[in-house]
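Colleague: Following is a predicted model, sequence given first.
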Amino acid sequence: MDADRLSDLLARCALRDQRAFAELYRNSSGKLFAVAVRITRRRDWAEEVLQESYVSIWNHASGYAPSKSAPMTWMTAIVRNRALDLLRRPREVELDEEHEELIASIPDETPGPEQLLALARDAGALAECLKQLTGEQQKSISLAFFQGLSHGELAHQMQKPLGTVKAWVRRGLERLKNCLEPRGA
Amino acid sequence: MRLDNDDLRQKLAAEYVLGTMSARARRRFATLLRQVPALRRAVAEWESALMPLADALPELAPPARVWNAIESRINGTRPEAGGHRGFWHNLAFWRLSSIASAAAALALVVFIALPGRQAPDEIPGRMVVVMNDLETKQPAMTATWEHGRQGERIMRLRVMGHAEMAPGTAWEMWMLPGGGQNPVSLGLITTHETQTMVIPAALAARLDGAEGLAMSVEPAGGSRTGLPTGPVLYAGKALKT
């Protein structure tokens, strides 16, 4: 569904049009659920995140401004923020066998973060700019974006010192920014 | 934290959007975000830059229970299949705003009763809509209408407080017919405290039966799609006086 149509649906949601909301859900929940599952790595948490996110989208639809962001950007940011907040909140339960089992329930055949980065072909300028990053920068940024890893988790996963990983992320983001905004300050 | 420094703002916004911050840093940053507009701008820029990455993810259909839960939460009740009850009746929004609306409606009735050039019995079924600011939930605008000579409706608007319209935008009034029908434009308005609109006779019956009114921010000249495209600032339900 194109951005204009999604923007129209959001405008109608702001007018409390539930049919528009249902159509918005039908046309965006597949993508947003995928984002939530990736980050939380648990389907039950991802469902919770999706539910909270759509209630928030419904309640804040009047705050959406098409001139400021694309509708999927606005909605994806809501879902990622919810998922990251859930992931970062103090765990009542440590990751244990039960959770490992749930993680294992997520199909393996889905592409990994690096393949996803390679697949980000619709991202236009972003795709071009990603190519300018070093391998480590790409890997750390894609792990952070798709899996929601913090600096500490990145260091653990990539088996590198925290400072090194932080620098990859920081320089990678700087390079992206400079590339996306060639006239940048 | 020194946030007057653009480089620092950029760095923090990027890490927040990417999601690499620790729990504590995220919470602190989220608080700052509410207070510092420049930080919100930086976050919006980074979101626009990075969110398209998610396009690469293959879609994954959520189970039906997720939608059922969302629907019952925004409704307060489960929807009735094929029912004809107007969906406006169920909304939490109206419940939230009803107390403030009732008070404002009362004040408005007094307000419109006082200058009365016409005797009340000449205005059968006069309608009142108290429109709330959807952000603050406070009454922001009132609309009343009565019959004109040729079957048209004379709508009087009163804008409360000191509303401001951003340059290059317009305020458009919408009639909300209810029953899942699309909003119908009534035209553009100003920020003047009192103003009058003439609603053509062709729309009169629908207006009298409308569930409510809304006002949205549109490009200068009004919505080009025939439907609201910008944020809705004010909305309210119609009441018969």
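Modeller: Arrived safely, thanks for sending.

Colleague: Show the contacting residues for the residue lying closest to B:Y16 once chain neighbours are set aside.
Modeller: Nearest residue to B:Y16, sequence neighbours excluded (C-beta to C-beta, 6 or more residues apart in numbering or on different chains): B:F29, at 5.1 Å. Yep, even glycine has a C-beta here, placed from its N, CA and C like the rest. B:F29 makes contact with B:12, B:16, B:21, according to C-beta atoms under 8 Å, 6 or more residues apart in numbering or on different chains.

Colleague: what residue ranges in chain B score low on pLDDT?
Modeller: Residue ranges of chain B with pLDDT under 70: B:1-4, B:76-125, B:241.

Colleague: Domain ranges for it, per the record?
Modeller: B:6-56, B:94-240 (automatic domain parsing).

Colleague: Likewise for chain A?
Modeller: Following automatic domain parsing, one finds the domains of chain A at A:3-88, A:111-180.

Colleague: Residue 21: what's it in contact with?
Modeller: Because you didn't say which chain, this covers chain A. A:9, A:12-13, A:58, B:74.

Colleague: wrong chain, I was asking about chain B
Modeller: Counting by C-beta under 8 Å, 6+ apart, B:M21 has contacts A:88, A:150, B:15, B:29.

Colleague: And for the second one, the neighbour number?
Modeller: Going back to what we said before, that points to A:S150. A:S150 sits with 20 neighbouring residues when counted by other C-beta atoms under 10 Å in any protein chain shown.

Colleague: Backbone dihedrals for it, please?
Modeller: In terms of degrees, to the nearest 10, the main-chain angles of A:S150 are phi -80, psi 170.

Colleague: Would you confirm that it contacts A:I39?
Modeller: No. Counting by C-beta atoms under 8 Å, A:S150 does not reach A:I39; the two are 11.5 Å apart.

Colleague: Spell out the secondary structure type for the closest residue to chain A within chain B.
Modeller: Here chain B gets closest to chain A at one residue, B:E59, 3.2 Å apart by C-beta to the nearest C-beta. What DSSP: H, G, I helix; E, B strand; the rest coil gives for B:E59 is coil.

Colleague: same check, this time on B:G178
Modeller: Judged by three-state DSSP, the three-state class of B:G178 is coil.

Colleague: my read: it touches B:A210, true?
Modeller: Yes. With contact defined as C-beta under 8 Å, B:G178 reaches B:A210; the gap is 6.8 Å.

Colleague: which residue is nearest the centroid of chain A?
Modeller: In chain A, the centroid-proximal residue (C-alpha atoms, centre = their mean) is A:R80; its distance is 4.6 Å.

Colleague: Now do the contacts for that one.
Modeller: A:35, A:39, A:148, B:19, B:51, B:54.

Colleague: Can you point out the helix or strand that includes A:K160?
Modeller: For A:K160, there is no helix or strand it lies in under DSSP states H and E.

Colleague: what number of residues lie near residue 24?
Modeller: The chain I'm using is chain A. 25.

Colleague: Sorry, I should have been clearer: chain B.
Modeller: If we define neighbours as other C-beta under 10 Å, then B:R24 has 9 of them.

Colleague: residue boundaries of the helices in chain B?
Modeller: Under the criterion DSSP state H, chain B carries helices at the ranges B:6-18, B:23-35, B:37-50, B:64-75, B:92-113, B:201-208.

Colleague: relative orientation of the third one and helix B:6-18 in degrees?
Modeller: Read it as helix B:37-50. 50 degrees (axes from the mean of the first three to the mean of the last three C-alpha atoms, to 10 degrees).

Colleague: Could you grab the helix/strand/coil label for the closest residue to chain B within chain A?
Modeller: Of the residues in chain A, the one nearest chain B is A:G30, at a distance of 3.2 Å by C-beta to the nearest C-beta. Following three-state DSSP, A:G30 is assigned to helix.

Colleague: and it, what does it touch?
Modeller: Listed by C-beta under 8 Å, 6+ apart, the contact partners of A:G30 are B:59-62.

Colleague: Now do the contacts for the closest residue to A:A65 other than its chain neighbours.
Modeller: Excluding the flanking residues, the one nearest A:A65 by C-beta to C-beta, 6+ apart is B:P231, at 5.9 Å. By C-beta under 8 Å, 6+ apart, the contact set of B:P231 is A:11, A:14, A:62-65, B:216-217.

Colleague: Out of those residues, which is nearest to B:Q35?
Modeller: Nearest to B:Q35 among the contacts of B:P231, counting by C-beta to C-beta, is A:G63 at 17.1 Å.

Colleague: Look at that closest one and say how many residues are nearby.
Modeller: Neighbours of A:G63 (other C-beta under 10 Å): 14.

Colleague: all helices for chain A, in order.
Modeller: A:3-14, A:18-40, A:43-60, A:71-88, A:97-104, A:113-119, A:125-130, A:135-147, A:151-158, A:162-180.

Colleague: the inter-axis angle of the last one versus helix B:37-50?
Modeller: For helix A:162-180 against helix B:37-50, the angle between stretch directions is 80 degrees (the same axes, to 10 degrees).
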